[in-house]
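Asks: What follows is a predicted structure for the sequence shown.
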Amino acid sequence: MKRVVRFLLIALVVVITYTCAWSQPGQPMERIHAAKMAYITDRLHLSEDQAGNFVPLYNEYDNEIRTTRRNFFSKYGGVNPADADDATALQAVDDNLDYQQEVIEIKRKYNERFLKIISPQQLADLNKSEREFKQLLLQRLKQQHNGGNRFRKGNAH
């Protein structure tokens with residue numbers, strides 16, 4: 001009985017967090033991160049103890065990945081390598097490979113740490129859940145974008 005109550009409490013917190021993250025105004029990245037955490041926590045079926053240890057570690061991992069991404073894109077965000085000279089294009093390709101390698105190293109490092117908290121199956125589900133959340137986010141952004149353009153050519157009512 002205690003387990004059922006604990007599960008229901010965790011499920012309720014996840015649902016409320018997920019709902020609030022999408023419905024309240026505020027910093028978009030904070031709202032997205034909160035929704036992502038709720039989604040992942042729900043998909044992994046984390047116990048109370050696991051969630052307590054997993055969330056701070058995942059936040060650390062996510063921050064490291066975002067910092068790496070931000071560093072790369074701050075250098076090449078506005079540059080299209082195809083429009084650059086040969087040396088710049090080659091440097092951009094090389095730097096992109098370095099960026100991808102750095103992300104892989106971060107993921108390997110954190111996989112070992114995650115496995116101290118969650119099972120190998122949950123780790124596999126984590127990777128899948130991150131991809132699913134990204135797809136859901138892209139779909140939602142697309143819907144919001146299309147919803148704001150109700151009077152497009154051919155759809156004026």
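Replies: Arrived safely.

Asks: Against residue 145, how distant is the closest residue to residue 71 other than its chain neighbours?
Replies: Counting by C-beta to C-beta, 6 or more residues apart in numbering, residue 99 is the residue found nearest to residue 71 once chain neighbours are left out, at 8.0 Å. (C-beta placed from N, C-alpha, C; glycine too.) In this view, residue 99 and residue 145 are 28 Å apart by C-beta to C-beta, to the nearest Å.

Asks: Have a look at the two and say which one is more surrounded.
Replies: Set side by side, residue 99 and residue 145 give different neighbour counts by other C-beta atoms under 10 Å, the larger being at residue 99 (17 against 9).

Asks: The more buried one touches residue 72, doesn't it?
Replies: Yes - Residue 99 lies in contact with residue 72 (C-beta atoms under 8 Å); the separation is 4.1 Å.

Asks: State the pLDDT value of residue 131.
Replies: What the model reports for residue 131 is a pLDDT of 94.

Asks: I meant residue 140, not that one.
Replies: For residue 140, the model assigns a pLDDT of 88.

Asks: what's it sitting at in phi/psi?
Replies: Residue 140 adopts backbone torsions of phi -60, psi -40, taken as degrees, to the nearest 10.

Asks: State the number of residues packed around it.
Replies: Here the neighbour count serves as a burial measure; for residue 140 (other C-beta under 10 Å) it reads 13.

Asks: Check residue 27 too.
Replies: Using other C-beta under 10 Å, residue 27 is surrounded by 9 other residues.

Asks: cool, the one 5 residues further on as well?
Replies: Neighbour count for residue 32, taken as other C-beta under 10 Å: 16.

Asks: which secondary structure element contains it?
Replies: Element membership for residue 32, per DSSP states H and E: helix 28-44.

Asks: Centre of the chain to that helix, how far?
Replies: Computed by C-alpha atoms, centre = their mean, to the nearest Å, the chain-centroid distance of helix 28-44 equals 8 Å.

Asks: buried ones in that helix?
Replies: Neighbour counts using 16 or more other C-beta atoms under 10 Å place 31-44 of helix 28-44 among the buried residues.

Asks: Next, the angle from the strand or helix carrying residue 132 to helix 28-44.
Replies: Taking DSSP H and E as the definition, one finds residue 132 inside helix 120-147. Interaxial angle of helix 120-147 relative to helix 28-44 (axes from the mean of the first three to the mean of the last three C-alpha atoms, to 10 degrees): 140 degrees.
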